[in-house]
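J.: Predicted structure and sequence below. I'll ask about it afterward.
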Amino acid sequence: MLAIEARAAGGPDVLTPTDRQAPAPQAGQVLVRTSGIGVNFYDTYVRSGVYPRQFPFVPGSEGAGEVIAVGDGVTHLSAGRLVAWSSSLTGSYAEEVLLAADAAIVVPDGVDPHLAAALPLQGMTAHMLVDGVFDVQPGQDVLLTAGAGGVGLLLTQLAVARGARVITTVSTAEKEALSRAAGASEVIRYTDLDDVTTELPQIVRDLTGGAGVHVAYDGVGRTTFDASLASVRRRGMLVLFGGASGQVPPFDLQRLNSSGSLFVSRPTLGHYTADPEELAYRSGAVFGALASGDLDVRVGATFPLARAADAHRALEGRETTGKVLLLP
């Protein structure tokens, strides 16, 4: 089977197509023929060495596909069932993937396999951000950087459904249109600002009567962290969920005191889905909303599996909107 190996820590060029022996499921596992593979910033962090990993390895933590074989002891899944997953241990950049049966998310009938591959990681991340990390309430103000990204478009819809007003930042007119279509009330183009760090908080406070937002969700990281922090109201929260512009350097915790007794969180999805009941709750919520039409999932770009390096370049270059998928 075709798989993509990361031979060493580095840039996208380290991603190398290779021919591997197809695996066989062991007890408690299922073998899945992938129909779509999610490409996420997490994958770029592992590939580049930000998150330590033993090389070489097959990247990928998300996808969907058809079960083609089951291991001993697996009774709730059978061949032909469409499943999805979000797990850092899967090595999903491959035509066939071994998956722990307990980590398989049964996809509702009628859901397109590509949309099923696009939803698990970003959908459940958006869900945990508005329901778990910070429980968004009706009437609250939310700031979201990268509003046209995969998580951004989903989070906007979920926050609006909970009665919040969402303020987003984007870079282009196309991305502004996408963010507004997802439900954002106010969209700020940071490319029009001379100094994001000082101007963005002022705009946000003007929009919120001087108070600031109840929660700021920052997926950009290094270049927007200070502006996001300065946009949060007294006793509010900043949630850092990504680092598209680079990792945030260490900072003095006394800033949280002087800025209004603020809270900061750096969550990871695995800690909010480790319990099987919580995984079922979050996956059921987002896949149920997708199946009912209440949640729109945008696949912004697709690449053949063999061009995984090009997919990483596009994602890191901020050239994409919505979800990026690899197609075997």
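T.: Sure thing, it's come through. Residues are numbered from 1 along each chain as shown.
J.: How about residues contacting the worst-scoring helix or strand of the chain on mean pLDDT?
T.: Of all the helices and strands that make up the chain, helix 41-48 has the lowest average by mean pLDDT, DSSP states H and E, namely a mean of 92. The set of residues that contact helix 41-48 without belonging to it, under Cβ atoms under 8 Å, 6 or more residues apart in numbering, is 6, 9-12, 14-15, 51, 53, 59-61, 88, 121, 219, 242-244, 312, 315-316. C-beta: built from backbone N, CA, C; applies to glycine.
J.: helix or strand right after it?
T.: Of the helices and strands lying after helix 41-48 in sequence (DSSP states H and E), the nearest is strand 62-70.
J.: so where's the chain uncertain?
T.: Of all residues in the chain, those with pLDDT under 70 make up the ranges 88-89.
J.: could you redo the last one with a cut-off of 80?
T.: Across the chain, the stretches falling below the confidence threshold (pLDDT under 80) are 87-90.
J.: hey, where'd the helices end up in it?
T.: For the chain, the helices defined by DSSP state H cover 41-48, 113-118, 120-128, 150-161, 173-182, 196-207, 225-230, 254-258, 276-292, 308-316.
J.: Any buried residues in the longest one, and which?
T.: The reference is to helix 276-292. Of the residues in helix 276-292, those scored as buried under the neighbour-count criterion (16 or more other Cβ atoms under 10 Å) are 279, 281, 282, 283, 285, 286, 287, 289, 290, 291.
J.: what about the lengthiest strand in the chain, distance to the chain center?
T.: Counting by DSSP state E, the longest strand found in the chain is strand 29-39. On the basis of Cα atoms, centre = their mean, to the nearest Å, strand 29-39 is displaced by 17 Å from the centre of the chain it belongs to.
J.: quick revisit: which of the contacts of helix 41-48 are buried?
T.: Buried residues within these, counting neighbours by 16+ other Cβ under 10 Å: 6, 12, 14-15, 59-61, 88, 121, 219, 242-244, 312, 315-316.
J.: Tell me which two of those residues sit farthest apart.
T.: Spanning the widest gap among the buried ones among the contacts of helix 41-48 are 14 and 219, at 24.0 Å by Cβ to Cβ.
J.: residues in contact with residue 37?
T.: With contacts defined as Cβ under 8 Å, 6+ apart, the neighbours of residue 37 are 60, 62, 63, 92, 93, 117, 305, 325, 326, 327, 328.
J.: do the same with residue 231
T.: 143, 200, 201, 204, 205, 212, 213, 216.
J.: Pull the number of nearby residues for the last one.
T.: Same thing as residue 216. 31 (other Cβ atoms under 10 Å).
J.: Hmm, it is touching residue 241, no?
T.: No. With contacts counted by Cβ atoms under 8 Å, residue 216 stays clear of residue 241, the gap being 10.7 Å.
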